[in-house]
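> the following block contains a protein sequence and its predicted model.
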Amino acid sequence: MPLPPWHTPTLLLGGVSPLGWKTPMPMTKTDKDTWTVTVSGTTPTPKGLEVKITTRATEGHSTRTEACTGHNMLVEEGVDTATVTPYWRQDGIEGEWFYSSTPIHSPELGNDRHYNVYLPPLLLANPYAVARHLIVMHDGQDLFTPDNTAAHTCPTDTCVLNGSWDMSSLLDELISEAAVVQDLVLVGLFATDDRTNEYTYSKDVVTGEGGMGDRYLSFIADTVLTSLDTMVGEGLVDVKPEDIMLIGSDLGGLISCYAGVAKGPWNQDGDTWGGVGAMSSIFTWNNEDMYNVVIPSSTLDTDMKIYLSAGTIDDEAYETYKVMSGLRGIGYEERDEDLAFVIGEEEGHDVEDWASRVEDPIYFMFH
């Protein structure tokens with residue numbers, strides 16, 4: 001970890017004996033940008049050992065101790081050697097997002113689409129850092145607001161057609177306040193002209209549309225998640241399935257809920273992601289078959305975290321409540337910590353309202 005020049009000794013903090021949040025242990029510099037410490041005789045929590053890195057900063061005649069920005073870092077139980085990559089918030093370093101002018105091809109769907117990527121401050125401030133938490137969002141064309149910089153240039157007929165969620169500002173805020181993990185990357189997949197078909201898992205009996213959802217989720221599982229080095233940056237992301245969340249609204253909420261409940265070609269070998277956020281979902285799709293068919297027939301034995309929300313104004317709040325009740329009926333009643341249900345009072349079915357509460361599923365999954 002490269003340190004600002006006025007920072008000198010690096011110290012380790014921990015929450016169990018012999019470590020203590022008030023009695024840090026000194027670390028030894030062993031290589032360029034590398035400090036080490038050996039700890040023995042600790043009794044970690046069931047999750048592991050919490051640590052935080054601090055530095056002693058000297059400016060003029062004053063000395064102060066500064067902890068690294070963000071959450072405590074976790075060394076998992078049973079791990080003998082762990083490498084952590086902290087960062088210290090510095091003026092001018094915020095998260096960054098960029099639009100990919102080169103689309104990603106989907107062999108599963110036979111089409112191409114553009115995407116946006118958000119990189120957290122950690123990845124920009126510490127060249128050794130790796131992101132281990134990931135959000136994949138549908139309707140990626142509406143997530144960020146283009147400006148005049150090259151990285152943010154997105155065709156006006158492609159981006160923010162329905163308004164912007166302004167996800168970069170939100171994620172910067174959540175990360176800086178340590179409300180969520182600091183190594184959180186977002187990939188926003190643009191919708192195509194085939195949005196209705198791709199975001200639905202069954203053919204609607206009334207309109208005859210829909211039914212390509214399994215192929216769309218296979219595209220995410222088999223192409224997007226295996227192409228992160230190309231899409232995000234070489235070596236920047238190394239994420240486990242349980243630390244991936246899908247989030248969407250409208251039909252994007254419907255396909256997200258399906259991705260958390262159903263069994264499909266994308267998850268035959270176990271969980272492909274660990275959580276889904278379904279906002280203002282169109283649960284009336286195909287005679288409410290999410291509630292009537294998909295949930296009752298679900299056979300998943302999973303620790304999937306599911307977030308549901310709807311507004312009170314023309315936003316299928318009752319249908320969302322029914323889906324929540326159905327999920328409780330197949331096992332979530334005993335594990336409420338994995339199921340969240342939120343009603344947005346006086347909120348409706350639009351980007352502005354989704355943007356106002358999208359922090360809820362992110363916090364639910366990544367706090």
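Arrived safely, thanks for sending.
> report the buried residues of stretch 238-257.
Residues of stretch 238-257 classed as buried by neighbour count (16 or more other C-beta atoms under 10 Å): 239, 242-257. For the C-beta atoms, the positions are set from N, CA and C on the backbone; glycine is no exception.
> could you do stretch 317-326 as well?
317, 319, 320, 321, 322, 323, 324, 326.
> tell me the secondary structure at residue 193.
Using DSSP: H, G, I helix; E, B strand; the rest coil, the structure places residue 193 in coil.
> give me the neighbour count for it.
Using other C-beta atoms under 10 Å, residue 193 has 8 other residues around it.
> returning to what we had before: from the buried residues of stretch 238-257, which land in helices?
251, 252, 253, 254, 255, 256, 257 (DSSP state H).
> so the third one versus residue 123, what's the distance?
Remark: distance between residue 253 and residue 123 (C-beta to C-beta, to the nearest Å) = 28 Å.
> and the helix or strand that contains residue 352, what does it pack onto?
Residue 352 belongs to helix 351-357 when assigned by DSSP states H and E. Applying 3 or more C-beta pairs under 8 Å, 6 or more residues apart in numbering; DSSP states H and E, one finds that helix 351-357 contacts strand 339-344.
> residues of stretch 180-198 that come out buried?
Of the residues in stretch 180-198, 180-192, 195-198 count as buried by neighbour count, 16+ other C-beta under 10 Å.
> any idea how far apart the tips of that stretch sit?
30 Å (C-alpha to C-alpha, to the nearest Å).
> what mean pLDDT does it get?
Averaging pLDDT along stretch 180-198 gives 96.
> same question for stretch 31-39.
82.
> got the end-to-end distance for that stretch?
19 Å.
> same question for stretch 267-278.
Stretch 267-278 has an end-to-end distance of 19 Å (criterion: C-alpha to C-alpha).
> and for it, what's in contact with it?
With contacts defined as C-beta atoms under 8 Å, 6 or more residues apart in numbering, stretch 267-278 is touched by 136, 221, 225, 240-248, 253-254, 256-257, 259-260, 266, 302-309, 358, 361-362, 364-365.
> any buried residues in it, and which?
Applying 16+ other C-beta under 10 Å to stretch 267-278 flags 267, 271, 272, 273, 274, 275, 276, 277, 278 as buried.
> out of these, which is nearest to residue 76?
Nearest to residue 76 among the buried residues of stretch 267-278, counting by C-beta to C-beta, is residue 274 at 15.5 Å.
> returning to that earlier point: now tabulate the buried residues of stretch 267-278 in a markdown table and tack on distance to residue 333 and pLDDT.
A markdown table is the format used below for those (distance: C-beta to C-beta, whole Å; pLDDT from 0 to 100):
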| residue | distance to residue 333 | pLDDT |
| --- | --- | --- |
| 267 | 23 | 91 |
| 271 | 21 | 82 |
| 272 | 25 | 94 |
| 273 | 23 | 96 |
| 274 | 20 | 95 |
| 275 | 18 | 96 |
| 276 | 18 | 97 |
| 277 | 20 | 98 |
| 278 | 18 | 98 |
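> I am finished for the moment; much appreciated.
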